[in-house]
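In: Structure for this input, please:
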Amino acid sequence: MNPVRTKQIRTAVWTAVWLVVAIACLLLLSTIDNPDGTPWLESSLLGQTLTLLGVLSAIVLPALFAARKDAAVTRDQLENSHVDDASKVSNVRDDLDHKHSAVIDAVAALAEKMESKFDGVYAEFRGTRRDIGRAADLASDARAAADKARDKTDELVDRIDSVEAKVDGIVQATTGNIPVVEQLKEES
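Out: The predicted structure is shown next:
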């Protein structure tokens with residue numbers, strides 16, 4: 001129960017107790033006479049006081065009834081039982097404990113399932129990383145092979161150029177004409 005609500009109920013109860021005590025004292029004082037023979041309280045003052053107490057009781061009594069109703073609800077909750085659909089009385093605590101354990105079991109099963117899926121995803125990710133590493137290694141090897149082939153091609157082109165120069169020199173020396181290679185280049 002809410003502690004603020006409990007304090008309000010306690011205050012209403014004590015207000016009602018003091019209200020009853022005040023009414024009893026007023027009634028007693030109105031019946032007792034002074035030494036000169038007059039009552040301690042005049043009837044008009046008694047009437048006004050009782051009217052004021054009536055108004056206060058009209059304010060306090062509904063609060064007391066509400067407090068009584070809240071106390072009954074609280075008592076019912078403290079008894080910790082309820083009636084289910086089959087009109088069977090069951091203990092709320094046991095029912096909540098059962099539902100709590102069912103939820104915990106479901107969450108644990110879900111966590112285990114997620115963990116196994118995560119393990120599978122992690123293994124797949126690890127395999128993908130391995131495949132990417134292999135592809136990078138193959139690309140590096142292919143790049144090295146291409147560089148080697150380019151270097152070899154450059155060497156062959158240099159050798160062909162040198163052979164062409166020699167052939168051109170020989171042809172010029174023997175014929176004095178345009179080199180054969182240059183003539184073939186112009187025709188194509």
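In: in this structure, which spans are helices?
Out: Using DSSP state H, the helices assigned to the chain run over residues 3-31, 43-79, 92-175, 180-187.
In: Show the low-confidence segments of this protein, by residue range.
Out: Within the chain, the stretches with pLDDT under 70 are 1-9, 29-30, 39-46, 75-92, 173, 175-188.
In: sorry, back to before: so can I have TSV of the helices of the chain showing distance to residue 37?
Out: Glycine gets a C-beta too; all of them are placed from N, C-alpha and C. Shown next, in TSV, are those (distance: least, Cβ to Cβ, whole Å):
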stretch	distance to residue 37
helix 3-31	13
helix 43-79	15
helix 92-175	67
helix 180-187	156
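In: For these, could you give me TSV that also reports mean neighbour count?
Out: Shown next, in TSV, are the helices of the chain (neighbours: other Cβ atoms under 10 Å):
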stretch	mean neighbour count
helix 3-31	13
helix 43-79	13
helix 92-175	10
helix 180-187	11
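In: Residue 67 versus residue 15, what's the distance?
Out: Here residue 15 is placed at a distance of 11 Å from residue 67 (Cβ to Cβ, to the nearest Å).
In: Please disregard the earlier target; I meant residue 124.
Out: For residue 124, the distance to residue 67 - Cβ to Cβ - is 65 Å.
In: Equivalent analysis for residue 34, please.
Out: 40 Å.
In: Residue 122 too?
Out: 61 Å.
In: Repeat that for residue 141.
Out: Taking Cβ to Cβ as the measure, residue 141 and residue 67 are separated by 88 Å.
In: now swap in residue 16 and tell me
Out: From residue 16 across to residue 67, the span is 9 Å (Cβ to Cβ).
In: and the residue most central in space within the chain, how far is that from residue 164?
Out: Geometric centre of the chain, nearest residue: residue 107, 14.8 Å, by Cα atoms, centre = their mean. Applying Cβ to Cβ, the value for residue 107 to residue 164 is 82 Å.
In: likewise residue 32?
Out: The spacing between residue 32 and residue 164, counted by Cβ to Cβ, is 148 Å.
In: what's the answer for residue 155, then?
Out: For residue 155 relative to residue 164 (Cβ to Cβ), the value is 15 Å.
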